[in-house]
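Colleague: Provide a 3D model corresponding to the input given below.
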Amino acid sequence: MACEHIRRWTVGNVEIVRIVEIFREQIDPSFMFPDCTREMVLEHPWLRPIHAGDDGRIVLAFQAFAIRAGDRRIMVDTCIGNDKYRLAPIFHMRHGDFLDDLTHAGFAPEAIDTVLCTHLHLDHVGWNTRFVEGRWVPTFPNARYLMSKVELDFIRNLVGIAHAEVDHLSDSLQPVFDAGLVDFIPVDHQVCPEVSLEPTPGHTPGHVSIRINSEGRRAVITGDVMHHPLQCAKPGLRNRFCNDHDHSRETRLSFLQRYQDEDVMVIGSHFTEPTAGWIRSDGDAWRFDHG
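Modeller: Numbers count the residues shown, from 1 in each chain. A predicted model of the protein is given here:
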């Protein structure tokens, strides 16, 4: 089990629990940001040693978040999943301990009542389903899976486009439709008094971040409005995996301006340990501060 990587935060009366699937993946920055070099990363010493190595490679994580708000049990993103055919070797036919860790953290799959995916890329919906007796079945059978129709249409429209990975439509999305568990919601939906969606389009058209507000304390789970803290210092970096670079950049700038120097804990969906921190103004840009 990877349960030693479970991390918990308290925001007012809300508990947020991080469940990690891939803890520290080191990559050359140009893989994600085609215009970025290792030397550009090293220009920002505050990234090291947590978010970058001395060699200029950046560090990412793949993880999900469980929320306990009153009697609600909510999953934010469901990561990569096991037993799934994927083109990227890091995602392909995994056999990890995600569900064991989730249960160990106090969120057995049967107890989850809501699944929120910030968007529908394959590394955010994988554990929507699991392979049981030769077929894909919903992992969270008692949950409503909430998603934007705009987002689903976007993913479906990628079918047949060269280099677009859409295998997850059949193994991670269609089974929850077949089970009658999907509700379409607006991108500013209020899930419960403490949890709501914040539209952050660009990475994908229906992308959202997740706001938590309880007892005067606030937090936000980014989704892929940012993949790495480097984007605080260089918010205009082109991201290989964003659908609309210009829209994504505008949304990211707005996000950074909205939360800069505020008492709002920012939880980066792909930020490695310790994952949460604060956006601080830094000259004409920003940095990510763990406090």
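Colleague: give me the low-pLDDT residue ranges for the stretch 1-150 of the chain?
Modeller: Applying pLDDT under 70 to the stretch 1-150 of the chain flags residues 1-2.
Colleague: Show me where it has its helices.
Modeller: In the stretch 1-150 of the chain, the segments counted as helices under DSSP state H, counting those that start in this stretch are 29-32, 38-42, 98-104, 149-156.
Colleague: Pull out the buried positions in the longest helix seen in the chain.
Modeller: Secondary structure of the chain read by DSSP state H shows that its longest helix is helix 245-259. The neighbour-count check on helix 245-259 (16 or more other C-beta atoms under 10 Å) flags 247-249, 251-252, 255-256, 259 as buried. Where C-beta positions appear, they are placed from N, C-alpha and C, glycine not excepted.
Colleague: for it, what is the average pLDDT?
Modeller: For helix 245-259, the mean pLDDT works out to 98.
Colleague: quick one, what contacts the closest residue to residue 225 other than its chain neighbours?
Modeller: Spatial nearest neighbour of residue 225, chain neighbours left out: residue 200 (4.3 Å); criterion: C-beta to C-beta, 6 or more residues apart in numbering. Shown in contact with residue 200 (C-beta atoms under 8 Å, 6 or more residues apart in numbering): 207-209, 222-223, 225, 251, 255.
Colleague: at 6 Å instead, please
Modeller: Listed by C-beta atoms under 6 Å, 6 or more residues apart in numbering, the contact partners of residue 200 are 207, 209, 225, 251.
Colleague: Now render the residues you listed as CSV, adding secondary structure and distance to residue 196.
Modeller: Below are these laid out as CSV (DSSP: H, G, I helix; E, B strand; the rest coil; distance: C-beta to C-beta, whole Å):
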residue, secondary structure, distance to residue 196
207, coil, 15
209, strand, 10
225, helix, 15
251, helix, 17
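Colleague: out of the residues you listed, who has the most neighbours?
Modeller: Neighbour counts for the contacts of residue 200 (other C-beta atoms under 10 Å) peak at residue 207, which has 30 neighbours.
Colleague: and the residue nearest to it when sequence neighbours are not counted, what does it touch?
Modeller: Among residues not flanking residue 207 along the chain, residue 119 sits closest, at 4.4 Å (C-beta to C-beta, 6+ apart). The neighbourhood of residue 119, defined by C-beta under 6 Å, 6+ apart, consists of 151, 204, 207.
Colleague: Distance of residue 119 relative to residue 281?
Modeller: 28 Å (C-beta to C-beta, to the nearest Å).
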